[in-house]
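*Asks:* How does the following fold in three dimensions:
(one chain, ligands or ions: 1)
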Amino acid sequence: MNIELAKIFKHKAINTWGLLLVFAVPMCIFNYLAMTDTNISSPEGVSHMISYSVRWAVPFIYLVVAASSVKVLFPGVFSSWWMRNRKYIGLVFAIGMAWQAAFIFILSTFYRDYYFSEVYYFRDEVEGSVGYIFLVAMVITSFQFGRKRVNQAQWKLIQKGGIYFLWAYPFSVYWWNLFYYPYVESYSTAELHDYIFYWAGFLAFLLRIAAWGKTRNKALKKSNQLESPSGLELCLGVGLILLGLIASATGNYWFDSVSSLASFPAWSAEMALWLPFWPLEPFMPLMLIAAGVGVATKGRSLRGAEVAKI
Ligand code: HEM
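*Replies:* Numbers count the residues shown, from 1 in each chain. I've put the predicted structure just below:
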């Protein structure tokens, strides 16, 4: 049975370029059909296509983010297949984003007045442009000709930094759509896709934290030079994880006070005008959870023993 499954997951139709086609062809067909069904000779229609096309791309960046963690948490043929094809899943995301980029180009070139009155906001522009710069650099350096032009550290920075940034962008968009706009703008209500994309992005990152915790725990158990966290540390860790989980579903209750506090120093309020994602409200629940996992899996060196490097 397992051998059969392993054989299926090695089939070339669902690996590398074959897999890319499986995802990219329907994505392009649906984008094309939606485009022919939308009045893109109006700026509103183009704006609609910007949102529509990016919804096809977003699931694939989430799949890329989760790939390595799923392999750590659930080793097996499926997770190995997922991990092996991470680069091609990333390229599908890039194709989805190329559709969005084309519509952004149309809007900002042919409907400049609309673009600058309805869309342009400096910080969003910086965030979006950084996202696209990362995306282009990631695509180029995922092929041999681009990879050999950067050293190992630069490659890691581009790929890892890009994955985190391009996950953070949609995740935060949907966080604002759920927990902020419906409460400050009477015409805005969260829709089903906002919930799906927010929770899917949350889960993708949660898996990364869980995989990190599992790796730390394993190292802790293996090491004979470290002792396990104390009962107090475990309680604190679990408490932080629970707090993070509660906060992840209740942003509308804490947003106001936390945001005012985080933007209280003048330098922080200033940074919020241009620094992407600052002051990081959508990410705070995940930070709490990561801190909790860190505390609950932190080993202390035994008295007199050398500190082992985890
Ligand atoms: C300079 C670059 C960018 C510009 C000008 C831009 C512009 C836009 C516009 C006009 C919308 C539609 C807003 C509306 O419905 O009123 C939108 C939505 C969105 N964009 Fe971008 N964007 C950029 C880059 C990016 C990047 C890099 C990402 C990363 C994945 C991204 C993700 C999204 C998401 C998730 C939505 C919401 C889609 C939905 O309604 O479900 N954008 N963007």
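
*Asks:* Can you give me every residue that contacts Q159?
*Replies:* By Cβ atoms under 8 Å, 6 or more residues apart in numbering, the contact set of Q159 is M138, T141, S142. Glycine gets a C-beta too; all of them are placed from N, C-alpha and C.

*Asks:* hmm, 10 Å instead?
*Replies:* Under the criterion of Cβ atoms under 10 Å, 6 or more residues apart in numbering, the contact partners of Q159 comprise V64, R86, K87, G90, F134, A137, M138, T141, S142, R147, V150.

*Asks:* and the gap between the nearest residue to the fifth one once chain neighbours are set aside and A137?
*Replies:* Sequence neighbours aside, G162 is the residue nearest to F134 in space, at 3.7 Å (criterion: Cβ to Cβ, 6 or more residues apart in numbering). Computed with Cβ to Cβ, to the nearest Å, the distance linking G162 and A137 is 7 Å.

*Asks:* about what we covered before: now for the residue nearest to F134, which secondary structure element holds it?
*Replies:* Counting by DSSP states H and E, the secondary-structure element that holds G162 is helix 152-179.

*Asks:* roughly how far is that helix from the heart of the chain?
*Replies:* Here the centre of helix 152-179 is set off from its chain's centre by 5 Å, with Cα atoms, centre = their mean, to the nearest Å.

*Asks:* quick one: average confidence on that helix?
*Replies:* For helix 152-179, mean pLDDT rounds to 98.

*Asks:* circling back: go ahead and build a PyMOL selection from the buried members of the contacts of Q159.
*Replies:* The PyMOL command for the buried members of these (criterion: 16 or more other Cβ atoms under 10 Å) is given here:
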select buried, resi 64+86+87+90+134+137+138+141+142+147+150
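
*Asks:* Just name the closest of the contacts of Q159 to the ligand, please.
*Replies:* Using Cβ to the nearest ligand atom, F134 is the member of the contacts of Q159 that sits closest to the ligand, with 8.0 Å.

*Asks:* that older thread, would you list the contacts of Q159 in CSV and tack on secondary structure?
*Replies:* What follows is the contacts of Q159, written out as CSV (DSSP: H, G, I helix; E, B strand; the rest coil):
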residue, secondary structure
V64, helix
R86, helix
K87, helix
G90, helix
F134, helix
A137, helix
M138, helix
T141, coil
S142, coil
R147, helix
V150, coil
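
*Asks:* For the nearest residue to L234 once chain neighbours are set aside, give me the pLDDT.
*Replies:* Computed as Cβ to Cβ, 6+ apart, the closest residue to L234 that is not its neighbour in sequence is A296, at 5.4 Å. Model confidence at A296, expressed as pLDDT, equals 95.

*Asks:* Flag every residue of the stretch 51-200 of the chain that's near the ligand.
*Replies:* Contacts of the stretch 51-200 of the chain with the ligand, taken as Cβ under 6 Å from any ligand atom, map to 51, 54-55, 58, 104, 119, 125, 128-129, 131-132, 166, 169-170, 173, 193.

*Asks:* ok, the residue nearest to L234 touching K214?
*Replies:* No: with contacts counted by Cβ atoms under 10 Å, A296 stays clear of K214, the gap being 11.7 Å.

*Asks:* Between these two, which is the more surrounded one?
*Replies:* Regarding A296 and K214, a neighbour count based on other Cβ atoms under 10 Å identifies A296 as having more, with 21 against 15.

*Asks:* circling back: what residues of the helix holding G162 count as buried?
*Replies:* Judged by neighbour count using 16+ other Cβ under 10 Å, the buried positions of helix 152-179 are 155, 158-159, 162-163, 165-179.

*Asks:* just checking, what packs against whichever helix or strand comes after it?
*Replies:* Note on helix 152-179: by DSSP H and E, the next helix or strand toward the C-terminus is helix 181-184. Judged by 3 or more Cβ pairs under 10 Å, 6 or more residues apart in numbering; DSSP states H and E, helix 181-184 is in contact with helix 251-262.

*Asks:* Quick one: mean pLDDT over the helix it packs on.
*Replies:* Here helix 251-262 scores 96 as its mean pLDDT.

*Asks:* next one: stretch 57-64
*Replies:* When pLDDT is averaged over stretch 57-64, the result is 98.

*Asks:* How about I140: what's its closest non-neighbour residue?
*Replies:* Nearest residue to I140 in three dimensions, chain neighbours excluded: G146, at 3.7 Å (Cβ to Cβ, 6+ apart).
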